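In: test case, fold it:
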Amino acid sequence: MTDSTAAVAQPTPTLAEQFTAYEREVYHFHAAHAAAELELAEHLANGPLSVEELASQTKTHAPSLFRLLRALETIGVFKQVSPRVFANTPESERLRKGTPGSLWARVRALFACGFYQAWMGFPDSIRTGRNAFEQVHGCSSWEFNRRDPERAAIFDQFMQSYQAMVTPPVTAAYDWARFPVIADVGGGKGAQLVDILRAHPSCRGILLDQPHVVASATPHDRIERVGGSFFDRVPSGADAYILRSVIHDWGDAESVAILKTVHVAMRPESRAILIEQIIPEGPGYAFTKWVDLAVMTIAGGQERTAAEYRHLLEEAGFEVEQIVPTSGPLNLIISHPRT
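Out: This is a model prediction of the structure:
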């Protein structure tokens, strides 16, 4: 006798079926991106507008704008409340800046910051092992955004939305109070460090990143800001050194160099804590395996298995003592200097 309520394994979609689904999603994404770039949801924030009024406000071609809105309505983005008059929906509200759960920066960054275009160089990355972003744009993604203040602002907003998702789970996953002084190496504007210090008033922090980055970091009276490169020097005297989503941006040689710089600054009782996604072993589906392709394409780095992170740390003179999962996509890989 079988249990009729038991889950039934679903067949894996064929490649043709996956391509069809992908094609559909590409259409959806390009339409949503156009809506975000034109800020249609912002213009509808105060109520419905006719296509002609909306076209006038956004300096667009009314017949083409209607076709875009008509298509987006079929996936719940905008609603035609009367003929040729459109209003926001809960989904289109997410294409506004600064709303709860906003996707505006995430959608805009894929194009404005050159990520989408970089995939055009992906086959050459497979042929050569070189960074596709640099092949397409002629510079690194960091330099590409630095050259344009508008792009840099969109990228910053994108990173803030990502941090809002991953930061609290990292803070909640570990007893950070055991470390009186925590150094955040390559910590950007300090979102993770600030969140940890808010949860643990007994801790103090050191934030290390490029001088122009720490100059605009989140103010906090228990954080010392240090401008510099983690390839050159890391502040000494901390009890814990955290590196969140730093090592995955680099190849093995650069990663070991960064970790050796951290090792020099540490005391025997200090801990180095990598905060990264981990690729599971085995042939099963894991989204991290696909994130790895994106990291290769955009930054020239890689996601790694637990064994690969252990190897990197051992090469730099560390011994892994614990891997702590979080409720988000990241894990804490905790190590100490090997004696």
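
In: so for stretch 155-171, what gets flagged as buried?
Out: 155-159, 161, 163, 166-168, 170-171 (16 or more other C-beta atoms under 10 Å). Just so you know, the C-beta spots here come from the backbone N, C-alpha and C atoms, and that holds for glycine as well.

In: same question for stretch 141-157.
Out: For stretch 141-157, by 16+ other C-beta under 10 Å, it's 141, 144-145, 151-152, 154-157.

In: between those residues, which sits nearest Leu110?
Out: Ranked by distance to Leu110 (C-beta to C-beta), the buried residues of stretch 141-157 are led by Ile154 at 9.9 Å.

In: for that closest one, give me the pLDDT.
Out: pLDDT recorded at Ile154 is 93.

In: from Arg304, how far off is Glu134?
Out: With distances taken as C-beta to C-beta, to the nearest Å, Glu134 is found 21 Å from Arg304.

In: which one of the two has more residues nearby?
Out: Using other C-beta atoms under 10 Å, the more surrounded residue of Glu134 and Arg304 is Arg304, with 23 against 19.

In: ramachandran angles for the more buried one?
Out: When read as degrees, to the nearest 10, the backbone of Arg304 gives phi -140, psi 160.

In: do Leu243 as well
Out: phi -130, psi 100.

In: that one touches Ser255, doesn't it?
Out: No: here Leu243 does not reach Ser255: they are 9.7 Å apart, not a contact under C-beta atoms under 8 Å.

In: still on that earlier bit, out of the buried residues of stretch 155-171, list just those in helices.
Out: Counted as lying in helices by DSSP state H, out of the buried residues of stretch 155-171, are 155-159, 161, 163, 166-168, 170-171.

In: switch those residues over to JSON lines; also include distance to Gly328.
Out: JSON lines is the format used below for those (distance: C-beta to C-beta, whole Å):
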{"residue": "Phe155", "distance to Gly328": "21"}
{"residue": "Asp156", "distance to Gly328": "20"}
{"residue": "Gln157", "distance to Gly328": "20"}
{"residue": "Phe158", "distance to Gly328": "17"}
{"residue": "Met159", "distance to Gly328": "15"}
{"residue": "Ser161", "distance to Gly328": "14"}
{"residue": "Gln163", "distance to Gly328": "11"}
{"residue": "Val166", "distance to Gly328": "5"}
{"residue": "Thr167", "distance to Gly328": "9"}
{"residue": "Pro168", "distance to Gly328": "8"}
{"residue": "Val170", "distance to Gly328": "7"}
{"residue": "Thr171", "distance to Gly328": "10"}
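
In: and the residue lying closest to Ala21 once chain neighbours are set aside, how many residues sit next to it?
Out: Excluding the flanking residues, the one nearest Ala21 by C-beta to C-beta, 6 or more residues apart in numbering is Pro13, at 7.2 Å. By other C-beta under 10 Å, the residues close to Pro13 number 11.

In: Pro13: which element?
Out: For Pro13, there is no enclosing helix or strand under DSSP states H and E.

In: same check, this time on the one 3 residues further on
Out: Ala16 is part of helix 15-38 when elements are defined by DSSP H and E.

In: show residues contacting that helix.
Out: The contact list for helix 15-38, computed with C-beta atoms under 8 Å, 6 or more residues apart in numbering, reads 13, 41, 58, 60, 68, 71-72, 75, 77-78, 92, 95, 103-104, 107-108, 110-111.

In: quick check: mean pLDDT of that helix?
Out: 91.

In: list the buried residues for that helix?
Out: Buried, per 16+ other C-beta under 10 Å, within helix 15-38: 31-36, 38.

In: how far is that helix from where the chain is centred?
Out: Computed by C-alpha atoms, centre = their mean, to the nearest Å, the chain-centroid distance of helix 15-38 equals 20 Å.

In: that helix: what's the following helix or strand?
Out: With elements assigned by DSSP H and E, the helix or strand that comes after helix 15-38 is helix 40-43.

In: list the buried residues of that next one.
Out: Those would be 40-43, for helix 40-43 by 16+ other C-beta under 10 Å.

In: can the residues you listed go into JSON lines with extra columns for distance to Pro83?
Out: Shown next, in JSON lines, are the buried residues of helix 40-43 (distance: C-beta to C-beta, whole Å):
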{"residue": "Leu40", "distance to Pro83": "18"}
{"residue": "Ala41", "distance to Pro83": "21"}
{"residue": "Glu42", "distance to Pro83": "23"}
{"residue": "His43", "distance to Pro83": "19"}
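
In: contact partners for Ala164?
Out: If you count contacts by C-beta under 8 Å, 6+ apart, then Ala164 has nothing around it.

In: how close does it sit to Leu193?
Out: Ala164 is 15 Å from Leu193, by C-beta to C-beta.

In: do Leu332 as well
Out: 14 Å.

In: again with Val213
Out: On the measure of C-beta to C-beta, Val213 and Leu193 end up 13 Å apart.

In: same question for Asn88.
Out: Where Leu193 is concerned, Asn88 sits at a distance of 36 Å (C-beta to C-beta).

In: so for those two, which sits in the more crowded spot?
Out: Leu193 (29 against 22).

In: and that one, that's in a strand?
Out: No: counting by DSSP: H, G, I helix; E, B strand; the rest coil, Leu193 is not part of a strand but helix.
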